[in-house]
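Colleague: from the sequence below, what's the structure:
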Amino acid sequence: MPQDKPVVVFRFVEGEPGDAIDARSLSVTIDGANITPAFRIAGGDAWGSLTGVAGAAALGAGAHQVFARICSERGACGSVSAVVNAEPPVERTGAATAVTGRGGKLLDFLIRATRRLLLP
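Modeller: Residues are numbered from 1 along each chain as shown. You can find the predicted model right below:
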């Protein structure tokens, strides 16, 4: 997962008809730290950033333990635990810059040609 945008989505469904999910019971931790307030719930999904609240420091590179738990209104709970690996952002190479440079020249050429056609 990218270190600069570590977002996860959890999907859940009712185990039994008539035993609805209790959205207030959602709990999410990373490396033991509670980050539940950073998650939003809609329908059968909960999503949020592993850095916690907006503006928090970036997630450190490397492996991190993520744990999530949610319960039904009757108290039946489900949980998931996973190790996620945060990778630093990929650096752009000189080849990418060269392609962008040629694309900019082509765009300039097209703009000049269009002006000649449209202007008296």
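
Colleague: and the residue nearest to Ser25 when sequence neighbours are not counted, which of the three is it?
Modeller: Nearest in space to Ser25, with sequence neighbours left out and distances taken as C-beta to C-beta, 6 or more residues apart in numbering, is Cys71 at 4.0 Å. Every C-beta, even on glycine, is put in place using the N, C-alpha and C of the backbone. Under the three-state scheme (DSSP: H, G, I helix; E, B strand; the rest coil), the conformation of Cys71 reads as strand.

Colleague: report the beta-bridge partners for Cys71.
Modeller: The partner list for Cys71 in beta bridges (DSSP bridges) reads Asp22, Cys77.

Colleague: now do stretch 74-81, average pLDDT.
Modeller: If you average the pLDDT over stretch 74-81, you get 93.

Colleague: now what about that stretch, what contacts it?
Modeller: Outside of stretch 74-81, the residues that reach it under the criterion C-beta atoms under 8 Å, 6 or more residues apart in numbering are 10, 12, 15-16, 19, 25, 65-71.

Colleague: rewinding a little: got a pLDDT number for the residue nearest to Ser25?
Modeller: Spelled out, the predicted local distance difference test score at Cys71 is 95.

Colleague: just to revisit the earlier point, in strands only, show me the contacts of stretch 74-81.
Modeller: Of those, the ones assigned to strands by DSSP state E are Phe10, Ser25, Gln65, Val66, Phe67, Ala68, Arg69, Ile70, Cys71.

Colleague: show me what contacts Leu59?
Modeller: For Leu59, the contacting residues are Gln3, Pro6, Ile30, Leu50, Thr51, Ala86, by C-beta under 8 Å, 6+ apart.

Colleague: do that again at 10 Å, thanks
Modeller: Residues in contact with Leu59, defined by C-beta atoms under 10 Å, 6 or more residues apart in numbering, are 1-6, 30-31, 49-52, 84, 86.

Colleague: right, I'll call it a day here.
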